[in-house]
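Engineer: please work out how this folds:
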Amino acid sequence: MVEEDNWLRNDIFHTMCTSHGKVCNVIIDRGSCENEIATIMVEKLNLKTVDHPRSYKLSWLHKGNEVRERIIKQNKKYQRQANKHRKPAAFKEGNLVWVHLHKGRFPRGKHRKLKPRANGPFKVLKRVGDNAYKIELPRDHGVLAIFDVASLSPYHGCKDEENSGTSYYATEVYDTESGLV
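Structural biologist: Numbers count the residues shown, from 1 in each chain. Below you'll find the model as predicted:
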């Protein structure tokens with residue numbers, strides 16, 4: 001038996017029992033090559049020995065380290081997968097951001113299917129915790145001004161020629177708010 005495993009045997013497989021008024025120290029280890037139960041004690045007390053149907057084995061304790069290592073490895077794998085789509089919190093005070101309003105956070109009167117779900121750009125006022133920011137919203141929005149980083153995206157400005165809303169084929173301008181041409 002390896003010396004470093006000695007504590008396992010003494011701490012886990014050592015027990016005391018009382019039989020016929022005598023206290024006996026018993027070491028139970030059915031998994032190793034050694035029989036640790038003193039045959040003299042068994043003979044003197046006239047005890048019968050019976051194999052346990054599910055005996056403890058010292059080798060199981062060694063496999064515990066393997067299991068622990070595999071758990072750590074799997075946890076790292078799960079963490080990599082979970083962090084794959086997370087955004088790092090990279091906004092500074094004064095940056096302009098788009099705010100993506102999810103179903104439960106739409107301001108009153110603005111919840112419509114065809115309206116864009118991103119509002120903005122709005123200014124970042126301050127960082128709140130590790131993963132949230134306080135945003136400068138208009139008072140009429142009626143929603144809490146603190147947003148998780150997943151609900152924010154950076155505003156890069158707009159280029160008039162790309163986002164003008166006109167087409168080469170359009171002959172008239174159509175106002176979507178009033179429905180007038």
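
Engineer: and N75, that one's in a strand?
Structural biologist: No. Read with DSSP: H, G, I helix; E, B strand; the rest coil, N75 is helix and lies in no strand.

Engineer: tell me how far it lies from H85.
Structural biologist: Noted for N75: a distance of 18 Å to H85, by Cβ to Cβ, to the nearest Å. Quick note: C-beta positions are derived from backbone N, CA and C, even for glycine.

Engineer: do E93 as well
Structural biologist: On the measure of Cβ to Cβ, E93 and H85 end up 26 Å apart.

Engineer: for those two, indicate the residue with more neighbours.
Structural biologist: E93 (11 against 7; other Cβ atoms under 10 Å).

Engineer: what sits up against the strand ranked longest in the chain?
Structural biologist: Counting residues, the longest strand in the chain under DSSP state E turns out to be strand 118-128. Defining contact as Cβ atoms under 8 Å, 6 or more residues apart in numbering, one finds that strand 118-128 is touched by 89, 91-101, 133-137, 141, 145-146, 153, 155.

Engineer: what lines up beside it in the sheet?
Structural biologist: When pairs are called by DSSP bridges, strand 118-128 turns out to pair with strand 96-100 (antiparallel), strand 132-135 (antiparallel).

Engineer: nearest to G21, out of those strands?
Structural biologist: G21 sits nearest to strand 132-135 of all these, at 69.3 Å, using Cβ to Cβ.

Engineer: and the lowest mean pLDDT element among the helices and strands of this structure?
Structural biologist: helix 6-12 (a mean of 54; mean pLDDT, DSSP states H and E).

Engineer: I'd like the next helix or strand past that helix.
Structural biologist: Remark: after helix 6-12, the chain's next helix or strand is strand 14-19, criterion DSSP states H and E.

Engineer: run me through the strand neighbours of that next one, direction for each.
Structural biologist: Per DSSP bridges, strand 14-19 is paired in its sheet with strand 22-27 (antiparallel).

Engineer: please work out the average pLDDT along the partner strand.
Structural biologist: When pLDDT is averaged along strand 22-27, the result is 75.

Engineer: next SSE after it?
Structural biologist: helix 39-44.
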